[in-house]
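1. quick one, fold the following:
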Amino acid sequence: MRRLTTVLGALAAAGAMALTLPGTALAATGKLVIAPSTVITDPSGCYNSSIVPLIVFNETDGTALVYSGPNCTGSVIAVVPPGGGTTQEFGSSVFVR
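-> Residues are numbered from 1 along each chain as shown. This next block holds a predicted model:
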């Protein structure tokens with residue numbers, strides 16, 4: 001039982017450290033393109049768009065999530081892998097990490 005407690009404590013400490021990493025360490029490298037004219041270099045976080053349909057090209061090394069609502073709220077309606085793209089009629093915002 002003592003060994004299990006030690007292992008669980010170590011896992012909890014590792015998880016807490018992972019959650020407290022600086023935000024820049026989690027930024028994607030590359031460019032996020034929200035067509036027709038928005039290009040974000042090394043994006044990190046949420047980006048809104050009022051253009052319909054929402055067209056996204058993910059030229060980063062991270063995954064982009066397209067949300068149905070503004071400020072990355074609502075449902076995730078598309079997952080755009082590195083090097084991918086999507087067109088979403090009901091997309092409002094994009095999150096990249």
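
2. tell me who's in contact with residue 65.
-> The contact partners of residue 65, by C-beta atoms under 8 Å, 6 or more residues apart in numbering, come to 72, 76, 78, 79, 80, 94, 95, 96. Using the backbone N, CA and C atoms, a C-beta is placed for each residue, glycine as well.

3. please confirm that it is located within a strand.
-> Yes. Counting by DSSP: H, G, I helix; E, B strand; the rest coil, residue 65 is found in a strand.

4. nearest spatial neighbour of it, skipping sequence neighbours?
-> Excluding the flanking residues, the one nearest residue 65 by C-beta to C-beta, 6 or more residues apart in numbering is residue 95, at 4.6 Å.

5. so which bits of stretch 48-56 are buried?
-> 49, 54, 55, 56 (16 or more other C-beta atoms under 10 Å).

6. stretch 84-97 too?
-> Residues 86, 88, 91, 92, 93, 94, 95, 96 are the ones in stretch 84-97 that count as buried (16+ other C-beta under 10 Å).

7. closest to residue 61 out of those residues?
-> residue 96 (10.1 Å; C-beta to C-beta).

8. that closest one reaches residue 44, doesn't it?
-> Yes. Counting by C-beta atoms under 8 Å, residue 96 does reach residue 44; the two are 6.6 Å apart.

9. mind listing the shared neighbours of those two?
-> residue 28.

10. what about residue 82, distance to residue 73?
-> According to C-beta to C-beta, to the nearest Å, residue 82 stands 24 Å off from residue 73.

11. between those two, which one's more packed in?
-> residue 82 (14 against 11; other C-beta atoms under 10 Å).
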